[in-house]
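S.K.: Give me coordinates for this.
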Amino acid sequence: MEEQQAEAAAPKPEARDNSAEIAERKRRVQALEMQRERILSERTSSPHRRSALTYALADIEEKLAELGWTVHM
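M.R.: Prediction:
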């Protein structure tokens, strides 16, 4: 009887793995959102720098989309 209670109280390995995956995904999204905000806040008159920022922003938004992120307005 005690053995059954111990099994019921312990979280299942799949649940721990799933919550770890969810936490990792949230960290990745948060890091990418911060990078996106930094790029959006940069001002430059250099066309080369602006082009690099545009490509970087597109790359970050593509990675965010793969994680199921959408623009929050």
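
S.K.: pull the longest helix from the chain.
M.R.: In the chain, with assignment by DSSP state H, the single longest helix is helix 13-41.

S.K.: Could you name the helices and strands sitting against that helix?
M.R.: helix 47-66 (3 or more CB pairs under 8 Å, 6 or more residues apart in numbering; DSSP states H and E). Any C-beta I mention is one placed from the backbone N, CA and C, and that applies to glycine too.

S.K.: Flag every buried residue along the helix it packs on.
M.R.: Across helix 47-66, burial judged by 16 or more other CB atoms under 10 Å covers 53, 60, 63, 64.

S.K.: Quick one: residues contacting residue 36.
M.R.: Residue 36 is in contact with 57, 60, 61, 64, counting by CB atoms under 8 Å, 6 or more residues apart in numbering.

S.K.: Now flag whichever of those residues is closest to residue 34.
M.R.: Residue 34 has its nearest neighbour among those in residue 60, at 9.8 Å by CB to CB.

S.K.: residues in contact with the residue nearest to residue 42 when sequence neighbours are not counted?
M.R.: Spatially, and ignoring its direct neighbours in sequence, residue 42 is nearest to residue 53 (6.0 Å; CB to CB, 6 or more residues apart in numbering). Residues near residue 53 by CB under 8 Å, 6+ apart: 39, 42, 44.

S.K.: Could you rerun that using 10 Å?
M.R.: 38, 39, 40, 42, 43, 44, 46 (CB atoms under 10 Å, 6 or more residues apart in numbering).

S.K.: Tell me how far it lies from residue 69.
M.R.: From residue 53 over to residue 69 the distance is 19 Å, taken as CB to CB, to the nearest Å.

S.K.: Over to residue 46?
M.R.: The gap separating residue 46 from residue 69 is 29 Å, by CB to CB.
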